[in-house]
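Asker: Give me coordinates for this.
(one chain, ligands or ions: 1)
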Amino acid sequence: MNNEKSGSEAILTVEGKTYSLPVVTGTENDKAIDIGTLLQKTGYTTLDTGYKNTASCTSDITFLNGSEGILSYRGYGIEELAEKCVFIEVAYLLVHGHLPNPAEYENFRQLLKRFALIHEDMIHFFDHFPPNAPPMAILSVMVNSLSSYYPEMSLDPLKTLDTAAARLISKIRTIAAFTYKKSMGHPLVYPRSDLNYCGNFLNMMFDKPVYPYTVRPEAVAALNKLLILHADHEQNCSTSTVRLVGSAGVNLYSSISAGINALWGPLHGGANEAVVTMLETIHQDNDNFKKYIEKAKDKSDPFRLSGFGHRVYKTFDPRGKIIKEACDDLLVALNVSDPLLDIARRLEEIALNDEYFIERNLFPNVDFYSGIIYRALGIPTNMFTVMFALGRLPGWIAQWKEQQEDPDSKIGRPRQVYIGEPSRPFVPMSKR
Ligand code: CMC
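Answerer: This is a model prediction of the structure:
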């Protein structure tokens, strides 16, 4: 991988003094000024709120070009992966760096089957959450608890990583499905060894003693696609959280649990849930698109069009494009008619023709149509972000692994510019 200093340099002038800083060039020609020696040389740090201009690491996992709408995992275009692979193949690719050959794939499948159960004691945890507990809160607690059931990770993280990765990828879908079953007050449905990864998840979610569930291949295909599209997205908020927590030497399970909490936010993974709530609100408000478009544009109103805009994509989100097509296909295949799909299409059209959205390069992102697919699959709105977490897990694992293996990795510790009170004398209690 070409992540070496490229030989070119950036010249920086600070208070009349000139400094030379090396330029790093990535495989796809993305360039960064390496400011590793800036503080030492100049006494200055950099200020970059929201890290809009800061690369926190070099990485060979995912490439993203926001101005051309390109996304690839380990060099393979997302369009091809979404069309030709199943999710666990892509999970393997992300974690291990190459597409599995038949023997590797079979071995991985067997590991996922072997690890599908969670410790029976953990099932009691579900009973102690209040009714209506947010599934993301439960998911993060349960994933964190895995670190106490499988403590070997803390002894030799890299040696045990492959097993821990398979364990997590397998168990997270059992935890997610059990969370839903408990919230419904239904008996738990255990994983079955005759079903594939996505089929097993759908069966654990929807099979009932009185109404056996039939796993439909169209549903499995749609879920595989959705999970693949969510599987990694370089240094987004939750992934950066996983890396930051991992940089302190925290085990994989707890680092991922922290990432799950970051993903929960409505500006991040929580947007898929927010989209459906927004579409329902518009529908109940007599399809009053104008009102919500105006609200989104009004700077004094915190309302934003959920599922629109992206920090990096400034043309279109390639995942959004694939999801929109998959959404159309699935609804036809399952013979489902969802009024929210119409609302979404009309809202998209209005926004894409509105100056405000055009000027700011705001396009539908991955979350805009994903909720409609989840609804067609029968997944309730409050589980949408859990679905995102299921998909993103292999990316988090791959990023955590990359960071642990990097000999130059350091504990993440940003600087700040202090703007508080200058030094002042202490005032005793009696004089305040
Ligand atoms: N609706 C209305 N205005 C928006 C929106 C939106 N969805 N997104 C951005 N803007 C405006 C924003 O107000 C700002 O306007 P101005 O320049 O006049 O101040 C401009 O566009 C740039 O926005 P920003 O907030 O500086 O951009 P950002 O890169 O910090 O934020 C974002 C990116 C995704 C958080 C934001 O677009 C947003 O809040 N979108 C809605 C939430 C959403 O869909 N999130 C999912 C993102 S994709 C999946 C994921 O990563 O989890």
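Asker: and residue 67, what is it in contact with?
Answerer: 314-315 (Cβ atoms under 8 Å, 6 or more residues apart in numbering). To be clear about C-beta, it is placed using only N, CA and C from the backbone, and glycine gets the same treatment.
Asker: Relative to residue 33, how far out is it?
Answerer: Computed as Cβ to Cβ, to the nearest Å, the residue 67 to residue 33 distance reads 19 Å.
Asker: Also residue 351?
Answerer: 36 Å.
Asker: Repeat that for residue 252.
Answerer: Distance from residue 252 to residue 33, by Cβ to Cβ: 32 Å.
Asker: Between the two, which has more neighbouring residues?
Answerer: Set residue 252 next to residue 33 and count neighbours by other Cβ atoms under 10 Å: residue 252 wins out with 27 against 17.
Asker: Might one say that the more buried one is in contact with residue 157?
Answerer: Yes. Contact between residue 252 and residue 157 holds when scored by Cβ atoms under 8 Å: they sit 6.7 Å apart.
Asker: Show me whatever sits in contact with both of the two.
Answerer: With Cβ under 8 Å, 6+ apart as the test, residue 252 and residue 157 both reach residue 164.
Asker: Residue 207: neighbouring residues, count only.
Answerer: 19.
Asker: Any chance of the backbone angles for it?
Answerer: Main-chain dihedrals, residue 207, degrees, to the nearest 10: phi -70, psi 140.
Asker: Excluding chain neighbours, give the residue nearest to it in space.
Answerer: Residue nearest to residue 207 in three dimensions, not counting chain neighbours: residue 213, with 4.0 Å by Cβ to Cβ, 6 or more residues apart in numbering.
Asker: same question, residue 55
Answerer: residue 32 (4.9 Å).
Asker: From the ligand, how far out is the one you found?
Answerer: 19 Å (Cβ to the nearest ligand atom, to the nearest Å).
Asker: What strand or helix carries residue 13?
Answerer: strand 5-14 (DSSP states H and E).
Asker: Residue 21 falls within a helix, correct?
Answerer: No. With DSSP: H, G, I helix; E, B strand; the rest coil as the criterion, residue 21 is assigned strand and is not in a helix.
Asker: Could you check the pLDDT of the residue in the stretch 101-250 of the chain that the ligand sits nearest to?
Answerer: Nearest to the ligand, among the residues of the stretch 101-250 of the chain, is residue 236, at 5.1 Å (Cβ to the nearest ligand atom). On the pLDDT scale, residue 236 is placed at 97.
Asker: quick one: secondary structure of the nearest residue to it once chain neighbours are set aside?
Answerer: Closest residue to residue 236 apart from its sequence neighbours, by Cβ to Cβ, 6+ apart: residue 268 at 7.0 Å. Under three-state DSSP, residue 268 falls in the coil class.
Asker: From what I see, residue 268 and residue 239 are in contact.
Answerer: No. With contact defined as Cβ under 8 Å, residue 268 does not count as touching residue 239 (10.2 Å).
Asker: Look up phi and psi at residue 32.
Answerer: According to degrees, to the nearest 10, residue 32 has phi -140, psi 140.
Asker: Which residues outside the lowest-mean-pLDDT helix or strand in the chain are in contact with it?
Answerer: The helix or strand of the chain with the lowest confidence, counting by mean pLDDT, DSSP states H and E, is helix 152-155 at a mean of 71. Residues outside helix 152-155 that contact it (Cβ under 8 Å, 6+ apart): 147, 160-161, 164, 251-253.
Asker: How about stretch 323-342?
Answerer: So stretch 323-342 is contacted by 216, 218-219, 222, 225-226, 229, 276, 279-280, 283, 364, 366, 368-373, 375-377 (Cβ under 8 Å, 6+ apart).
Asker: Stretch 171-188 now?
Answerer: Outside stretch 171-188, the residues touching it (Cβ under 8 Å, 6+ apart) are 115-118, 123, 126-127, 129, 131-133, 135, 138-139, 142-143, 146, 189, 191, 197, 200-201, 204-205, 208-209, 380, 383, 386-387, 389-390, 393.
Asker: With stretch 35-44 instead?
Answerer: 12, 14, 17, 19, 21, 45-46, 415.
Asker: Try it again at 6 Å.
Answerer: Applying Cβ atoms under 6 Å, 6 or more residues apart in numbering, the contact partners of stretch 35-44 are 14, 19, 45.
Asker: How many residues are close by the residue of the stretch 51-200 of the chain found nearest the ligand?
Answerer: The nearest approach of the stretch 51-200 of the chain to the ligand comes at residue 52, 7.0 Å away (Cβ to the nearest ligand atom). Using other Cβ under 10 Å, residue 52 is surrounded by 8 other residues.
Asker: what's it sitting at in phi/psi?
Answerer: Torsion angles, degrees, to the nearest 10, at residue 52: phi -60, psi -30.
Asker: Residue 125 now?
Answerer: phi -60, psi -40.
Asker: Count the residues that sit near it.
Answerer: 17.
Asker: need the contact list for residue 368.
Answerer: Residue 368 neighbours (Cβ under 6 Å, 6+ apart): 275, 307, 320.
Asker: How much space separates the first one from the ligand?
Answerer: Read it as residue 275. Residue 275 is 7 Å from the ligand, by Cβ to the nearest ligand atom.
Asker: Same question for residue 419.
Answerer: 21 Å.
Asker: got it, and residue 47?
Answerer: Taking Cβ to the nearest ligand atom, one finds residue 47 at 16 Å from the ligand.
Asker: residue contacts, that residue?
Answerer: residue 417.
Asker: Give me the secondary structure label for it.
Answerer: coil.
Asker: which of the contacts of helix 152-155 lies closest to residue 87?
Answerer: Distance to residue 87, by Cβ to Cβ, is smallest for residue 164 among these, at 18.6 Å.
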